[in-house]
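S.K.: coordinates only, sequence not included:
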């Protein structure tokens, strides 16, 4: 999640009349399609992958993408009940408060303790932390300045996700790329990377609804 030069283009999943997807070349190992919190679709493309290969991947996943969009619309209707996901559970949204305001307040209260634990685990210290409502990243780091930004919407997910993102960004202070050394360093500080990433690929409200039904 370190800052890099970004080049994006828009592809259509399913050809003409298909779902628009913002495609971006990243330092990733495989094609990764996801639906952002704002409802837009994003595709991460490995450097050596051609746009033709990316298009074939999108076409093969058109049905999945449309289903995700349909379910998101259904959840938007359900959200009219005044509840929002917070730390993996559904809670009543305080009157006069937007979800992002609630998330910012909650994250500001929890972040110092998480930072202290993860700085000790990684052996790295950030110069400054910022909270932002971001649509495409859970966090970002500028290794040259030692500054880290965290997405306030992480407060919608189980607490383990915040632990993971903080550890991830701190690790970038030691290794700016996502190479093997980066993942080795991150694993020492946060061994459950795969589980946390799986949660973050899910929709926060969907996760919270599952928790509620399991009670």
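M.R.: Okay, I see it. Since the model is a prediction, treat every value here as computed from it, not as a measurement.
S.K.: for this protein, which segments count as helices?
M.R.: 51-60, 62-78, 99-122, 159-171, 180-189, 193-200, 204-214 (DSSP state H).
S.K.: of the ones you listed, flag the one that's most buried.
M.R.: helix 159-171 (a mean of 24; mean count of other Cβ atoms under 10 Å). No exception for glycine: its C-beta is placed from N, CA and C like everyone else's.
S.K.: packing partners for that helix?
M.R.: Counting contacts by 3 or more Cβ pairs under 8 Å, 6 or more residues apart in numbering; DSSP states H and E, helix 159-171 is packed against helix 99-122, strand 139-142, strand 147-151, helix 180-189, helix 193-200.
S.K.: and residue 170, which of these is closest to it?
M.R.: Among the helices and strands packed on helix 159-171, the nearest to residue 170 by Cβ to Cβ is helix 99-122 (4.4 Å).
S.K.: list of residues touching the closest one?
M.R.: With Cβ atoms under 8 Å, 6 or more residues apart in numbering as the test, helix 99-122 has contacts from 84, 86-87, 93-94, 125-126, 129, 131, 133, 150, 152-156, 159, 162-163, 166-167, 170-171, 173-174, 185, 188-190.
S.K.: 6 Å instead?
M.R.: Helix 99-122 is contacted from outside by 84, 125, 131, 133, 152-153, 155, 162-163, 166-167, 170-171, 189, using Cβ atoms under 6 Å, 6 or more residues apart in numbering.
S.K.: now do stretch 183-200
M.R.: 121-122, 160-161, 164, 167, 171, 174-175.
S.K.: report the angle between the axes of the lowest-mean-pLDDT helix or strand in the chain and helix 51-60?
M.R.: The helix or strand with the lowest mean pLDDT-type score in the chain, counting by mean pLDDT, DSSP states H and E, is helix 62-78 (a mean of 76). Taking axes from the mean of the first three to the mean of the last three Cα atoms, to 10 degrees, one finds helix 62-78 and helix 51-60 inclined to each other by 60 degrees.
S.K.: which residues touch helix 62-78?
M.R.: The contact list for helix 62-78 (Cβ under 6 Å, 6+ apart) reads 13-14, 19, 35, 41, 205.
S.K.: cool, and stretch 35-43?
M.R.: Residues contacting stretch 35-43 (Cβ under 6 Å, 6+ apart): 21-23, 33-34, 65, 68, 135-136, 153.
S.K.: low-confidence stretches in the protein?
M.R.: 1-7, 16, 74-80, 215 (pLDDT under 70).
S.K.: please tell me how far residue 92 sits from residue 53.
M.R.: Using Cβ to Cβ, to the nearest Å, we find residue 92 at a distance of 46 Å from residue 53.
S.K.: spit out the contact partners of the residue nearest in space to the middle of the chain.
M.R.: Nearest to the mean C-alpha position of the chain, by Cα atoms, centre = their mean, lies residue 138 at 4.0 Å. By Cβ under 6 Å, 6+ apart, the contact list for residue 138 reads 151, 165.
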